[in-house]
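K.L.:
Would you be able to build a 3D model of this:
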Amino acid sequence: MPEEEEIEAPVTHRLEPQISSTHRTVSSDHALREHILSQSKLWEWDVFKLEEVSGRKPLMHLAYYLIQRKNFFQIFQIPSGTLKNFLIAIEAGYQMDVPYHNSTHATDVLQAVSYFLEKEKMQGQITDLEILASYIAAAVHDHKHPGVNNQFLVATRNERAMLYNDRSVLENYHVSTAWQVMMQPENNFLVNLPEEDYRLLRNQVISMVLATDLAGHFSTLSAFNNKVLGTNTFDINQSPEDRAIFFRILIKCADVSNPARSWLVYTSWIERLIQEFLNQGDEERKRGLPVSPLMDRSSINIPAGQIGFIDVVCAPMYESFTMVVGAPEMVTSMKKNRAILMRMRDNEIPPLRLGENGRVIQRVRSTIRIAGSTTPPVQPTSSSLLQVSAISVLARPAEDSASKGSTE
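P.N.:
The predicted model follows:
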């Protein structure tokens with residue numbers, strides 16, 4: 001394998017957490033962290049709280065907690081110290097100065113995967129080995145992400161694009177580098193797996209991570225929807241093909257679950273995503289490349305861009321996926337968030353937008369610093385006028401109906 005090349009990614013500023021005085025003792029941090037982890041079974045879970053109390057190392061804590069909760073240490077004879085080594089090494093591979101594709105995102109995806117697999121409709125349908133493989137896939141799916149996308153790597157003729165022949169460059173790289181970590185004896189927590197189980201697990205992890213490449217989104221979703229919505233023949237217990245595609249859709253839904261989260265968590269992810277997008281757009285302009293859609297700070301429309309992503313990518317997948325796993329709450333939350341974005345797009349309420357200097361995203365009166373800032377971002381739990389606006393937006397339809405005498 002060629003010597004690893006450092007990608008010249010756009011310059012960003014580290015987003016430091018705002019830790020309150022109540023979280024400064026080791027004992028209180030531990031108690032709060034355990035409480036936050038215990039809440040990870042809820043869809044309303046806020047990953048940013050774990051990011052804060054873990055010192056921006058949330059992935060190791062959640063992954064270890066979930067594996068312990070499932071009794072996998074005993075079931076698969078996993079050495080606890082070796083697992084910790086692996087998780088620490090994997091988390092270290094995520095660049096925390098990459099605004100979006102960092103270990104907090106991986107933690108969020110891991111929680112979503114765990115949540116879906118815990119749904120009542122899935123009980124007794126998925127094996128322990130498949131659950132473990134799903135956890136690993138979620139944890140490593142963006143390992144060593146450089147903060148730019150596949151198109152950028154191909155356009156700049158990056159060595160990784162050459163290595164993977166321009167096909168799913170990052171996704172191949174993520175799973176390959178993660179497995180190189182696994183193969184170090186001090187990190188190989190799968191050492192006691194029987195050979196057949198190891199082969200099945202590795203194949204599932206590879207399949208799931210490669211599925212996160214949006215280039216293959218529509219073909220994967222079409223195959224899934226044809227059987228779930230079309231012929232009504234989707235059956236993971238009878239068809240190995242259906243079982244494989246289920247796990248691909250599982251991680252894809254988890255990977256783009258932001259629009260289905262609470263409004264405050266969703267907008268916090270938007271802030272990080274837009275920062276990463278604009279950084280790439282700035283780098284493309286500097287290199288004389290065409291600036292990618294949604295990455296041009298001179299023309300970006302945040303509400304419209306998010307509505308388009310929800311309508312084209314998320315909604316068609318969420319709706320069919322929830323028929324299989326039984327998670328209508330994600331569709332409900334997505335629709336609420338979309339309604340707010342629609343009002344922003346139509347100027348009924350102040351929108352999420354770039355500031356006049358082109359360097360900030362504004363939450364009405366609270367500003368979220370982007371590139372070139374020395375001020376930490378507002379955290380999801382921080383008070384801002386946008387929170388008030390969001391609450392009033394959700395309440396307004398009921399008020400309007402009442403004023404019109406509606407009986408709905």
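
K.L.:
The chain: strands as residue ranges?
P.N.:
Here the chain has its strands, by DSSP state E, at 353-354, 360-363, 366-369.

K.L.:
Out of those, name the one with the poorest average pLDDT.
P.N.:
Mean pLDDT across these is lowest at strand 366-369; the value there is a mean of 35.

K.L.:
What segments of the stretch 251-400 of the chain are helices?
P.N.:
263-286, 302-309, 315-325, 328-345, 385-403 (DSSP state H, counting those that start in this stretch).

K.L.:
got the ones you listed as JSON lines, with mean neighbour count, mean pLDDT and distance to Met183 columns?
P.N.:
Heads up, the C-betas are built off the backbone N, CA and C, glycines and all. As requested, the helices of the stretch 251-400 of the chain are exported to JSON lines (neighbours: other Cβ atoms under 10 Å; pLDDT from 0 to 100; distance: least, Cβ to Cβ, whole Å):
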{"stretch": "helix 263-286", "mean neighbour count": "22", "mean pLDDT": "95", "distance to Met183": "30"}
{"stretch": "helix 302-309", "mean neighbour count": "19", "mean pLDDT": "95", "distance to Met183": "36"}
{"stretch": "helix 315-325", "mean neighbour count": "20", "mean pLDDT": "97", "distance to Met183": "33"}
{"stretch": "helix 328-345", "mean neighbour count": "18", "mean pLDDT": "96", "distance to Met183": "36"}
{"stretch": "helix 385-403", "mean neighbour count": "14", "mean pLDDT": "35", "distance to Met183": "46"}
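
K.L.:
so which of the ones you listed gets nearest Arg69?
P.N.:
For the helices of the stretch 251-400 of the chain, proximity to Arg69 was assessed by Cβ to Cβ; helix 315-325 is nearest, at 19.1 Å.

K.L.:
Need the residues that contact stretch 330-340.
P.N.:
For stretch 330-340, the surrounding residues in contact (Cβ atoms under 8 Å, 6 or more residues apart in numbering) are 43, 253, 257, 259-263, 266, 307, 310, 314-315, 318-319, 322, 349, 390, 393-394.

K.L.:
how does it look with 7 Å?
P.N.:
Applying Cβ atoms under 7 Å, 6 or more residues apart in numbering, the contact partners of stretch 330-340 are 43, 257, 259-263, 266, 307, 310, 314-315, 318-319, 322, 390, 393-394.

K.L.:
how far is it from where the chain is centred?
P.N.:
Put simply, stretch 330-340 sits 17 Å off its chain's centre (Cα atoms, centre = their mean, to the nearest Å).

K.L.:
Same question for stretch 295-304.
P.N.:
Relative to the centre of its chain, stretch 295-304 is centred 21 Å away, using Cα atoms, centre = their mean.

K.L.:
Between the two ends of that stretch, what distance do you get?
P.N.:
For stretch 295-304, the first and last residues are 13 Å from each other (Cα to Cα, to the nearest Å).
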